[in-house]
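In: the sequence isn't on hand, but the structure is:
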């Protein structure tokens with residue numbers, strides 16, 4: 001069955017990407033696309049067989065030997081139909097990737113706007129495999145001609161960056177947003193293993209803490225969807241074995257994988273994650289009459305019963321994070337905003353009016369954690385207590 005919510009979300013990501021590139025804010029800059037052409041010979045390709053790509057801004061000054069590798073988001077595909085549809089977009093083929101993308105937020109090059117990482121080597125890896133870089137299926141069906149090779153793409157990109165100087169990295173941070181945030185969590189220890197032992201390595205998952213909860217109809221919609229994604233692309237063999245030996249395919253959910261991750265990890269997430277509310281809590285299949293339509297567009301339009309459901313979702317997220325609270329090396333910033341991805345945009349990463357918890361901006365919290373300046377385990381009070389939130393308001397087209 002084609003999941004309309006997920007395919008619509010993919011289309012939304014594509015449209016938003018085009019719009020963003022049309023207008024470049026003054027605090028952002030454009031970075032060219034690099035295609036990893038020699039990855040094709042290794043079978044490390046996008047869904048359509050085209051080479052993977054990334055955008056690379058070289059480090060300078062004291063950051064010349066430090067690396068930040070950020071993975072793009074864009075949902076997933078769970079069957080041949082939805083994966084085939086992605087091959088006609090940037091999320092399944094490098095043929096449709098923009099030649100330039102803007103860097104801002106944690107990828108920015110201004111000391112004022114990004115004080116801890118502004119002069120690092122900053123990389124944005126494009127997402128074109130549909131399974132958060134976990135798939136690896138050797139066979140290619142001659143009819144659909146789909147390549148499920150995300151795991152190979154991950155390795156090929158890292159190898160290419162090694163050749164460009166990352167082999168000499170003193171400090172490194174792998175990060176990502178949404179499905180890319182999930183990538184940074186699932187591949188956290190994998191990235192550590194690929195880097196030199198002398199490199200300080202940590203991981204940041206922004207809006208990647210997708211949780212295993214029931215939707216408003218009482219069904220585990222996201223669990224079924226993830227099962228289809230991971231089964232289609234044979235992802236389990238590429239997830240940490242310490243987890244999969246006990247829990248199998250459940251390890252695609254970060255909450256089940258957390259106890260097995262050994263590399264320091266920072267989780268940045270909105271307690272009322274707008275993508276999860278729209279696609280996990282109240283997906284179209286669970287809300288056939290569209291009772292959640294206005295609420296999902298704007299949290300201020302939610303009824304009291306809908307807000308109660310959303311409060312329950314936040315509690316589920318916090319419960320899933322309890323195991324992480326005791327992590328000595330882990331960091332956390334869980335604010336009570338209706339948002340999704342807060343590290344890529346300058347307005348939420350670091351500005352005078354950006355979101356804050358206990359006076360800390362997201363940029364300050366991540367920096368304090370990465371450099372060991374302080375223990376960062378910040379959890380917000382329930383909505384609507386936080387006046388610093390930049391709550392998303394969607395248009396009907398984004399619904």
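Out: On my side now, so go ahead. None of these values were measured; they are calculated from a predicted model.

In: tell me where the stretch 251-399 of the chain has helices.
Out: Secondary structure of the stretch 251-399 of the chain by DSSP state H, counting those that start in this stretch: the helices cover 254-257, 274-276, 293-297, 304-320, 322-325, 346-349, 362-370.

In: list the buried residues of the fourth one.
Out: Buried residues in helix 304-320, counted by 16 or more other C-beta atoms under 10 Å: 306, 307, 309, 310, 313, 314, 316, 317, 320. (Glycine included, C-beta is placed from N, CA and C.)

In: what's the fourth one in contact with, if anything?
Out: By C-beta atoms under 8 Å, 6 or more residues apart in numbering, the contact set of residue 310 is 272, 277, 281, 299, 302, 383.

In: thinking again about what came up before, which one of the buried residues of helix 304-320 sits closest to residue 233?
Out: residue 320 (24.2 Å; C-beta to C-beta).

In: not counting its neighbours along the chain, what's nearest that closest one?
Out: The shortest distance from residue 320 to any non-neighbouring residue, by C-beta to C-beta, 6 or more residues apart in numbering, is to residue 255 (3.9 Å).

In: so how far is residue 212 from the one you found?
Out: From residue 255 across to residue 212, the span is 6 Å (C-beta to C-beta, to the nearest Å).

In: show me the shaky parts of the protein.
Out: Applying pLDDT under 70 to the chain flags the ranges 1-26, 399.

In: so residue 255 and residue 212 - more neighbours on which side?
Out: residue 255 (21 against 17; other C-beta atoms under 10 Å).

In: OK, contacts around that one?
Out: Applying C-beta under 8 Å, 6+ apart, the residues near residue 255 are 209, 211, 212, 320, 321, 323.

In: who wins on neighbours among the contacts of residue 310?
Out: residue 272 (29 neighbours).

In: that one contacts residue 340, correct?
Out: No: contact criterion C-beta atoms under 8 Å: residue 272 and residue 340 do not qualify, at 9.6 Å.

In: would you reformat the helices of the stretch 251-399 of the chain as TSV and include distance to residue 243?
Out: TSV is the format used below for these (distance: least, C-beta to C-beta, whole Å):
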stretch	distance to residue 243
helix 254-257	5
helix 274-276	21
helix 293-297	32
helix 304-320	15
helix 322-325	13
helix 346-349	31
helix 362-370	23
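
In: can you give me the strands for the stretch 101-250 of the chain?
Out: Along the stretch 101-250 of the chain, counting by DSSP state E, counting those that start in this stretch, strands occupy 121-125, 171-177, 200-206.
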